[in-house]
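Trainee: model the structure of this input:
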Amino acid sequence: MSKVTATTQNQKVLNFLRSGQSLSAKQAQGLFGVSSLGKRVSELRANGYAIYTNTAKNGTTVYRLGTPSRAMIAAAYSVAGSSVFE
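Mentor: Predicted coordinates for the structure are as follows:
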């Protein structure tokens with residue numbers, strides 16, 4: 001998969017999550033043609049987005065965009081230092 005396609009897919013996934021909705025792999029495949037949602041989510045997390053993994057009642061894994069807690073921010077600071085927040 002080319003970098004351009006991955007970036008475009010990342011943006012589509014991020015825009016969807018910013019709308020406040022949860023996203024499953026099946027939805028991502030149908031809506032955006034994303035065959036590896038986990039990889040897209042990992043890339044977005046690496047870029048600093050707080051994306052949480054939840055399991056729906058039917059056992060499906062879904063992702064949602066959230067706000068990191070103070071504990072998460074403190075943990076990132078203790079591991080990586082202040083450069084993470086610049």
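
Trainee: which SS class is residue 53?
Mentor: Three-state call for residue 53 (DSSP: H, G, I helix; E, B strand; the rest coil): strand.

Trainee: ok, it - contacts?
Mentor: Shown in contact with residue 53 (Cβ atoms under 8 Å, 6 or more residues apart in numbering): 41, 61-63. Where you see a C-beta, it was placed from the backbone N, CA and C, and this is true even at glycine.

Trainee: buried subset of those?
Mentor: Among the contacts of residue 53, those scoring as buried are 41, 62-63 (criterion: 16 or more other Cβ atoms under 10 Å).

Trainee: now render these as TSV, adding secondary structure.
Mentor: Conversion of these to TSV gives the following (three-state DSSP):
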residue	secondary structure
41	helix
62	strand
63	strand
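
Trainee: nearest to residue 83, of these?
Mentor: Comparing the buried ones among the contacts of residue 53 against residue 83 with Cβ to Cβ places residue 41 closest, at 23.3 Å.

Trainee: and residue 43, how many residues sit next to it?
Mentor: Residue 43: 16 surrounding residues under other Cβ atoms under 10 Å.

Trainee: no, scratch that, I was asking about residue 12
Mentor: Neighbours of residue 12 under the rule other Cβ under 10 Å: 17.

Trainee: same thing with residue 36?
Mentor: With other Cβ under 10 Å as criterion, residue 36 counts 14.
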